[in-house]
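Participant: kindly return the folded structure for what I paste below:
(2 chains)
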Amino acid sequence: MSRLGETVARHEESIRNDWLDSMSKSVQRVDLISSAELREQSHRLLSAILRGVQVDESAQLSGAAWNEVKEILQEISASRAHQGFTPSETANFVFSLKQPLFNVLRKNISNADELFREVTTVTLLLDRLALLTIEAFMATREELISRQQQELLELSTPVVKLWDGILALPIIGTLDSARTQIVMENLLQTVVATNSKYAIIDITGVPTVDTLVAQHLLKTITAARLMGAECIISGVRPQIAQTIVHLGIDLSQVITKAKLSDAFALALQRSGRSVVQSNGTSNGSMSNVLTSAAKEK
Amino acid sequence: MERIPILRMGSFLLITIQVDMHDKLAMQLQDDVTARIAEWGATGVLIDISSLEIVDSFIGRMLANIAAMSRVLGADTVVVGMQPAVAITLVELGMSLPGIRTALNVESGMELLYRNSAMESGVGDERSQA
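Facilitator: Okay, here's the model as predicted:
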């Protein structure tokens, strides 16, 4: 069985040229990868396959001899995934090696039985390698997606302090269960940390409110109430107000306001503060003074 | 036998739960609270659960029961200092405890009780100020 390894080793140079040639005809993406880089990758992969074939001819890819090939392939497909290749383009990188190998085998083996056996081995080997490539490609892609999801979650749930004892929580994007959990935990922890009595949940950035989103909101509000903080929902757009009524969602236990400023004014008022405009200034604007009546504290 | 102490502050009762509640302890507390309210004629009950880290539906129901019983006996109940994890657990269990008033800490809970009793008696300084 060392015939395959021997033949390939003898004609390595011509196989590689053949391979590069066929790739440049069909699958090479000059916009994504330079031909020098492609040549370097092909060179490394082919010599690794050659070393693998010489040690272990079973083409099962299970022996230690194939570890190098696997590592190289995984590295190549990971970089392809980042560069923006499609899965089939990535797989074709391996598949396009088939024809050059077949050509060499056909030229050098005259016995039909032997030729068939070697061709079968090569086919099996390359199929497995291609599968491995796709798997590595997918793994890289999934990793990319889950990292982006994580980043999105962290990015989108800030809790800001508007005033002593008043928090605001602007929610942007759809509220699903996973996000509600994070929003809720963030809010409750900040309520404890800042000792805030009022929390304004601003849903201006929530595109749609359905029963599920409303339920998540109500859960958050109930949890905050259990801890002794009062929640105000703000940023209810007219469209959403209509949807809420049509869906029969009961928000009667919750204070809702159209704008964040209305909610803030209410929170100030409830905590015994009021906004007063001072009259002494010439331009008359930007001079709102907050006074804190000694009602709450 | 282990008991949760009930302190008296003027016309209010102060209960601080500092150990893990088990069912027997909860039942005992229920008995004690109702007995004390009747005995001392308390008008408010403040339960501090800031050191309570684990709750189940039974404890949640016990809190709701104490509030309801106190109401019958003429006393308001305020639960203060609930931990975020506890609040989330109760909500996930579907217990929103609608009959219970809550506050962030003992201080604001006391304030709430004072304001309530002032409002109920109708002679509070709160009214006259406003």
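
Participant: going forward, measure contacts and count neighbours with C-alpha atoms only.
Facilitator: Fine.

Participant: how about A:Lys70, what does it touch?
Facilitator: Counting by CA atoms under 8 Å, 6 or more residues apart in numbering or on different chains, A:Lys70 makes contact with A:129, A:132.

Participant: where does it fall, phi/psi-wise?
Facilitator: Phi and psi for A:Lys70, reported as degrees, to the nearest 10, are phi -60, psi -50.

Participant: and it, how far is that from chain B?
Facilitator: 46 Å (CA to the nearest CA, to the nearest Å).

Participant: name the nearest residue to the residue in the stretch 151-297 of chain A positioned nearest to chain B, sequence neighbours excluded.
Facilitator: Nearest to chain B in the stretch 151-297 of chain A, going by CA to the nearest CA, is A:Gly228, at a distance of 3.6 Å. Using CA to CA, 6 or more residues apart in numbering or on different chains and skipping residues adjacent in sequence, the residue nearest A:Gly228 is B:Ala103, 3.6 Å away.

Participant: A:Ala224 is in contact with that neighbour, correct?
Facilitator: No. Counting by CA atoms under 8 Å, B:Ala103 does not reach A:Ala224; the two are 10.0 Å apart.

Participant: ramachandran coordinates for B:Gly94?
Facilitator: According to degrees, to the nearest 10, B:Gly94 has phi 80, psi 20.

Participant: pLDDT score assigned to it?
Facilitator: Here, the pLDDT recorded for B:Gly94 equals 88.

Participant: for it, give its distance to A:Glu135.
Facilitator: 43 Å (CA to CA, to the nearest Å).

Participant: the two - which one has more neighbours?
Facilitator: Taking other CA atoms under 10 Å in any protein chain shown, B:Gly94 and A:Glu135 do not tie; A:Glu135 has more neighbours (16 against 12).

Participant: which element is that one on?
Facilitator: helix A:112-155 (DSSP states H and E).

Participant: ranges for the strands of the chain?
Facilitator: All of this is about chain A. A:160-163, A:166-172, A:198-205, A:230-234, A:255-256, A:273-277, A:288-292 (DSSP state E).

Participant: wrong one, chain B
Facilitator: With strands called from DSSP E, chain B shows them at B:6-9, B:12-16, B:44-48, B:76-80, B:101-103.

Participant: could you dump those to JSON lines with mean pLDDT?
Facilitator: Converted to JSON lines, the strands of chain B look like this (pLDDT from 0 to 100):
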{"stretch": "strand B:6-9", "mean pLDDT": "91"}
{"stretch": "strand B:12-16", "mean pLDDT": "93"}
{"stretch": "strand B:44-48", "mean pLDDT": "93"}
{"stretch": "strand B:76-80", "mean pLDDT": "92"}
{"stretch": "strand B:101-103", "mean pLDDT": "92"}
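
Participant: make CSV from those strands and add mean neighbour count to it.
Facilitator: Formatted as CSV, the strands of chain B follow (neighbours: other CA atoms under 10 Å in any protein chain shown):
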stretch, mean neighbour count
strand B:6-9, 14
strand B:12-16, 21
strand B:44-48, 25
strand B:76-80, 25
strand B:101-103, 24
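
Participant: picking that back up, okay, the angle between the helix holding A:Glu135 and strand A:166-172?
Facilitator: With axes from the mean of the first three to the mean of the last three CA atoms, to 10 degrees defining the directions, helix A:112-155 sits at 150 degrees from strand A:166-172.

Participant: what residues does chain B have near chain A?
Facilitator: The interface of chain B toward chain A, taken as CA under 8 Å from any CA of the partner chain, is made up of B:80-85, B:87-88, B:90-92, B:96-97, B:101-104.

Participant: cross those residues against helices and list the overlap.
Facilitator: B:84-85, B:87-88, B:90-92 (DSSP state H).

Participant: residues contacting A:Val209?
Facilitator: Contacts for A:Val209 were tallied using CA under 8 Å, 6+ apart; they are A:240, A:243-244.

Participant: before we move on, back to that, possible to save the strands of chain A as JSON lines with mean pLDDT and distance to chain B?
Facilitator: As requested, the strands of chain A are arranged in JSON lines below (pLDDT from 0 to 100; distance: least, CA to the nearest CA, whole Å):
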{"stretch": "strand A:160-163", "mean pLDDT": "92", "distance to chain B": "17"}
{"stretch": "strand A:166-172", "mean pLDDT": "91", "distance to chain B": "13"}
{"stretch": "strand A:198-205", "mean pLDDT": "92", "distance to chain B": "11"}
{"stretch": "strand A:230-234", "mean pLDDT": "94", "distance to chain B": "9"}
{"stretch": "strand A:255-256", "mean pLDDT": "92", "distance to chain B": "16"}
{"stretch": "strand A:273-277", "mean pLDDT": "87", "distance to chain B": "13"}
{"stretch": "strand A:288-292", "mean pLDDT": "50", "distance to chain B": "15"}
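
Participant: buried subset of the ones in helices among the residues of chain B next to chain A, written for PyMOL?
Facilitator: The following PyMOL line selects those of those that are buried, judged by 16 or more other CA atoms under 10 Å in any protein chain shown:
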select buried, chain B and resi 84+85+87+88+90+91
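
Participant: in JSON lines: the ones in helices among the residues of chain B next to chain A, plus distance to A:Pro170.
Facilitator: What follows is those, written out as JSON lines (distance: CA to CA, whole Å):
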{"residue": "B:Pro84", "distance to A:Pro170": "20"}
{"residue": "B:Ala85", "distance to A:Pro170": "22"}
{"residue": "B:Ala87", "distance to A:Pro170": "21"}
{"residue": "B:Ile88", "distance to A:Pro170": "20"}
{"residue": "B:Leu90", "distance to A:Pro170": "25"}
{"residue": "B:Val91", "distance to A:Pro170": "22"}
{"residue": "B:Glu92", "distance to A:Pro170": "23"}
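
Participant: just give me the closest of the ones in helices among the residues of chain B next to chain A to B:Ala68.
Facilitator: B:Leu90 (17.8 Å; CA to CA).

Participant: how much space between the closest one and B:Ile47?
Facilitator: Counting by CA to CA, the gap from B:Leu90 to B:Ile47 is 16 Å.

Participant: please apply the same query to A:Glu6.
Facilitator: For A:Glu6, the distance to B:Ile47 - CA to CA - is 85 Å.

Participant: mean neighbour count added to the strands of chain A, as JSON lines?
Facilitator: Shown next, in JSON lines, are the strands of chain A (neighbours: other CA under 10 Å):
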{"stretch": "strand A:160-163", "mean neighbour count": "14"}
{"stretch": "strand A:166-172", "mean neighbour count": "21"}
{"stretch": "strand A:198-205", "mean neighbour count": "24"}
{"stretch": "strand A:230-234", "mean neighbour count": "23"}
{"stretch": "strand A:255-256", "mean neighbour count": "18"}
{"stretch": "strand A:273-277", "mean neighbour count": "15"}
{"stretch": "strand A:288-292", "mean neighbour count": "12"}
